[in-house]
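Participant: this one's sequence-less:
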């Protein structure tokens, strides 16, 4: 396998110089062909996601396929403008010159994808990389094996390996790939693995984009519309069974409205994910990806109880079906393991506060989250929370939806990520912004050339105008 990888990498290193010269028309054609190929494999994509995560056809369509199609369509629509060199102003040193920013491909890029949204989280950065004119090697997650195999099949049908190639396998494949001197590495996954990827990239001075995760909190103040908040949080928490990097991780809520919110949350969850006989609806509610993750989540619940937390709803699980029912925890201690790691499952801890400042302090004492959600009808509180905290992205009175707008950058900050993606921001991620100056025939710069002995007046004049 190492020989195959090295051979493909060398071929891409050679081909990147041809790709960098491709026109907007050629890149758009490639994106259209990719979309057509995905459309031809739709039924197999639905089956693969059902196999890996028990995703319904509807959820796969909305969160995996339609998301990918929208990303392609947006890139096709905007690519001509993205690729056009941008004119910028000059200074005294190049007053009469023509100053531009050119967007050139970074070269050969590596995209390492996770298992939770195994199709769109590899296709989305790939679309940006193609739009920017790069060669790419893809590494799907081995955990979502059915989807990974299908991605390899689709890519092999559309592209030559000297442009886009896909390698399936476990950690050993990632290790081999990370030894190579890529021009850019795009990684989506855990913070722990992200640090290893960044360390590997540093050996070759490769630039990186790290789409990580962390604990994305929800603040609910006393003015919030609780019924709407509960419904939105229930959907955001339990879509893909909580295995979403920007899922609401835990709730910080005004103590006066906690009980009312819990009642509304239960009502919303029962309506969305249970049958009329109050049994979980497996047509809408997926499964935990594998036994390891199932054990991790059930252990977190047990540890929380041992640490004094109360399971006030749910907690039941079916190991054979890898299913954990929606669960609410109260009285969770901050030092408890469930508050020390991203939950990535259908367990919702609820923590109360007396003043909004308490909630802000709780967030700021921890790593900066990938997402922050605020439910409030108080404009002062909304602005205060935005200014007093830091997060990759923020939604006011909703959850998750910021990821679907290609006009917004999506990414984390510090422990929750480095860089951003989607739309123009994805194109920029896979491009080098190259400064180009076309100097005019009027050469003012000669004024500052040596010798300097008779230029005291010039120096005084320059000081005044600087």
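Facilitator: Arrived safely, thanks for sending. Being a predicted model, the structure only gives us computed values, none of them experimental.
Participant: Just give the number of residues close to residue 368.
Facilitator: 18 (other Cβ atoms under 10 Å). The C-beta positions use only the backbone N, C-alpha and C, and glycine is treated the same way.
Participant: Spit out the contact partners of it.
Facilitator: 214, 390-392, 412-416 (Cβ atoms under 8 Å, 6 or more residues apart in numbering).
Participant: and if we set it to 10 Å?
Facilitator: 214, 389-392, 412-417 (Cβ atoms under 10 Å, 6 or more residues apart in numbering).
Participant: and if you look at residue 418?
Facilitator: Residues in contact with residue 418 (Cβ under 10 Å, 6+ apart) are 187, 194, 198, 207-212, 411-412.
Participant: any idea how far it lies from residue 394?
Facilitator: Per Cβ to Cβ, to the nearest Å, residue 418 is found 18 Å from residue 394.
Participant: Which members of the contacts of residue 368 occur in helices, if any?
Facilitator: Among the contacts of residue 368, none falls in helices (DSSP state H).
Participant: now those as a markdown table including neighbour count?
Facilitator: As requested, these are exported to a markdown table (neighbours: other Cβ atoms under 10 Å):
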| residue | neighbour count |
| --- | --- |
| 214 | 26 |
| 389 | 18 |
| 390 | 15 |
| 391 | 21 |
| 392 | 26 |
| 412 | 28 |
| 413 | 18 |
| 414 | 14 |
| 415 | 19 |
| 416 | 28 |
| 417 | 25 |
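Participant: Unless I'm misreading it, residue 26 sits right up against residue 83, doesn't it?
Facilitator: No. Applying Cβ atoms under 10 Å as the test, residue 26 and residue 83 come out as separate, 11.1 Å apart.
Participant: Give me the common contacts of the two.
Facilitator: Here residue 26 and residue 83 share the contacting residues residue 133, scored by Cβ under 10 Å, 6+ apart.
Participant: neighbour count winner among those two?
Facilitator: The neighbour comparison of residue 26 against residue 83 (other Cβ under 10 Å) goes to residue 83, with 19 against 11.
Participant: okay, the contacts of residue 418 in TSV with distance to residue 167 and pLDDT next?
Facilitator: Converted to TSV, the contacts of residue 418 look like this (distance: Cβ to Cβ, whole Å; pLDDT from 0 to 100):
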residue	distance to residue 167	pLDDT
187	15	98
194	20	96
198	21	97
207	21	98
208	19	98
209	19	98
210	20	98
211	20	97
212	22	96
411	25	97
412	26	97
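Participant: First-to-last residue distance for stretch 83-100?
Facilitator: The straight-line separation of the ends of stretch 83-100 (Cα to Cα, to the nearest Å) is 12 Å.
Participant: Can you mark which positions in it are buried?
Facilitator: Using 16 or more other Cβ atoms under 10 Å as the test for burial, stretch 83-100 gives 83, 94, 97, 99.
Participant: Which two of the contacts of residue 368 have the greatest separation?
Facilitator: Across the contacts of residue 368, no pair lies farther apart than 389 and 417, at 16.0 Å, counting by Cβ to Cβ.
Participant: By mean pLDDT, which helix or strand of the protein comes out lowest?
Facilitator: The helix or strand of the chain with the poorest confidence is helix 456-465; it has a mean of 70 (mean pLDDT, DSSP states H and E).
Participant: According to the record, where do the domains of this protein fall?
Facilitator: Domain ranges of the chain: 2-212+414-435, 217-404, per automatic domain parsing.
Participant: How far away from the center of its chain is the shortest one?
Facilitator: In other words, domain 217-404. 19 Å (Cα atoms, centre = their mean, to the nearest Å).
Participant: end to end, how far does that domain reach?
Facilitator: 19 Å.
Participant: How about stretch 359-370?
Facilitator: Taking Cα to Cα as the measure, stretch 359-370 stretches 17 Å from start to finish.
Participant: Return the set of buried residues in that stretch.
Facilitator: Within stretch 359-370, the residues that count as buried by 16+ other Cβ under 10 Å are 359-360, 362-363, 368-370.
Participant: How about stretch 424-441?
Facilitator: Buried, per 16+ other Cβ under 10 Å, within stretch 424-441: 424-431.
Participant: Just those: which are in helices?
Facilitator: Secondary structure defined by DSSP H assigns 424-429 of the buried residues of stretch 424-441 to helices.
Participant: For residue 274, grab phi and psi.
Facilitator: phi -120, psi 150 (degrees, to the nearest 10).
Participant: That one: neighbour count?
Facilitator: Neighbour number of residue 274 under other Cβ under 10 Å is 16.
Participant: That one and residue 234 touch, don't they?
Facilitator: No. The criterion here is Cβ under 10 Å, and residue 274 misses it with residue 234 at 11.3 Å.
Participant: Overlap in contacts, those two.
Facilitator: Joint contacts of residue 274 and residue 234 (Cβ under 10 Å, 6+ apart) are residue 326.
Participant: Distance check, the spatially most central residue of the chain against residue 385.
Facilitator: Nearest residue to the geometric centre of the chain (Cα atoms, centre = their mean): residue 211, 4.5 Å. Residue 211 sits 24 Å away from residue 385, taking Cβ to Cβ as the criterion.
Participant: same question, residue 460
Facilitator: Per Cβ to Cβ, residue 460 is found 51 Å from residue 385.
Participant: higher neighbour count, those two?
Facilitator: Per other Cβ under 10 Å, whichever of residue 460 and residue 385 has more neighbours is residue 385, with 22 against 9.
Participant: check contacts around that one.
Facilitator: 219, 221, 356, 359-360, 363, 372, 374, 376, 378, 391, 394, 396.
Participant: Quick one: mark the members of those that sit in strands.
Facilitator: 219, 372, 374, 394, 396 (DSSP state E).
Participant: which of these count as buried?
Facilitator: Buried by 16+ other Cβ under 10 Å: 219, 372, 374, 394, out of these.
Participant: ok, the second one to residue 215 distance?
Facilitator: Counting by Cβ to Cβ, the gap between residue 372 and residue 215 amounts to 10 Å.
Participant: Quick check: neighbours shared by the two?
Facilitator: 248, 363.
Participant: of all the buried ones among the ones in strands among the contacts of residue 385, which two lie farthest apart?
Facilitator: 219 and 394 (10.2 Å).
Participant: Which strand residues bridge residue 104?
Facilitator: Note on residue 104: beta-bridge partners residue 432, judged by DSSP bridges.
Participant: residues near it, how many?
Facilitator: Using other Cβ under 10 Å, residue 104 has 14 neighbouring residues.
Participant: What's the separation between it and residue 355?
Facilitator: In terms of Cβ to Cβ, residue 104 sits 51 Å off from residue 355.
Participant: before we move on, what about residue 373?
Facilitator: For residue 373, the distance to residue 355 - Cβ to Cβ - is 19 Å.
Participant: Backbone dihedrals for residue 73, both of them.
Facilitator: Dihedral angles (degrees, to the nearest 10) for residue 73: phi -60, psi -40.
Participant: Hmm, residue 31 and it touching each other?
Facilitator: Yes. Assessed by Cβ under 10 Å, residue 73 is found in contact with residue 31 at 8.8 Å.
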